[in-house]
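Participant: Could you look at this predicted model? Sequence included:
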Amino acid sequence: MEFDYEETVVNIEEVIAEIESGELTLEEVFEKFSLAVTDLQKCEVFLTQSQEKMNLLIETLDDDF
């Protein structure tokens, strides 16, 4: 399964809304927070890798001109 950045961001936003609702137990808050942190780390890796690819493409374009 391929990583879906947009879907992951939506999931993180949903988790934040759940936590902010005040309807979760403390244990559920910690569990949801842990999942959100994991998703945020995945997003960071995705963005870093994407930036590296963009930089490489820009360098390639610069070399062609």
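Facilitator: It's in.

Participant: all contacts plus neighbour counts: C-alpha atoms, from now on.
Facilitator: Fine.

Participant: Report the buried residues of the helix or strand harbouring residue 58.
Facilitator: According to DSSP states H and E, residue 58 maps onto helix 26-64. Buried residues in helix 26-64, counted by 16 or more other CA atoms under 10 Å: 29, 32, 33, 36, 39, 40, 42, 43.

Participant: same question, stretch 8-26
Facilitator: By 16+ other CA under 10 Å, the buried positions in stretch 8-26 come out as 8, 12, 15, 19.

Participant: now it, how far from the centre of its chain.
Facilitator: Relative to its chain's centre, stretch 8-26 lies at 15 Å (CA atoms, centre = their mean, to the nearest Å).

Participant: what's the answer for stretch 55-63, then?
Facilitator: The gap between the average C-alpha position of stretch 55-63 and the chain average comes to 26 Å, counting by CA atoms, centre = their mean.

Participant: now stretch 44-58
Facilitator: Centroid separation for stretch 44-58 versus its chain: 14 Å, with CA atoms, centre = their mean.

Participant: pLDDT on stretch 30-37, on average?
Facilitator: Throughout stretch 30-37, pLDDT has a mean value of 97.

Participant: CA-only coordinates of that stretch, as CSV, when you get a sec.
Facilitator: Output of stretch 30-37 as CSV, limited to C-alpha atoms (Å, rounded to 0.1, in the frame of the first residue of the first chain):
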residue,chain,number,x,y,z
PHE,A,30,-2.5,8.7,24.9
GLU,A,31,-3.2,6.0,22.3
LYS,A,32,-4.6,8.5,19.8
PHE,A,33,-1.7,10.9,20.4
SER,A,34,0.8,8.1,19.8
LEU,A,35,-0.9,7.2,16.5
ALA,A,36,-0.9,10.8,15.5
VAL,A,37,2.8,11.2,16.3
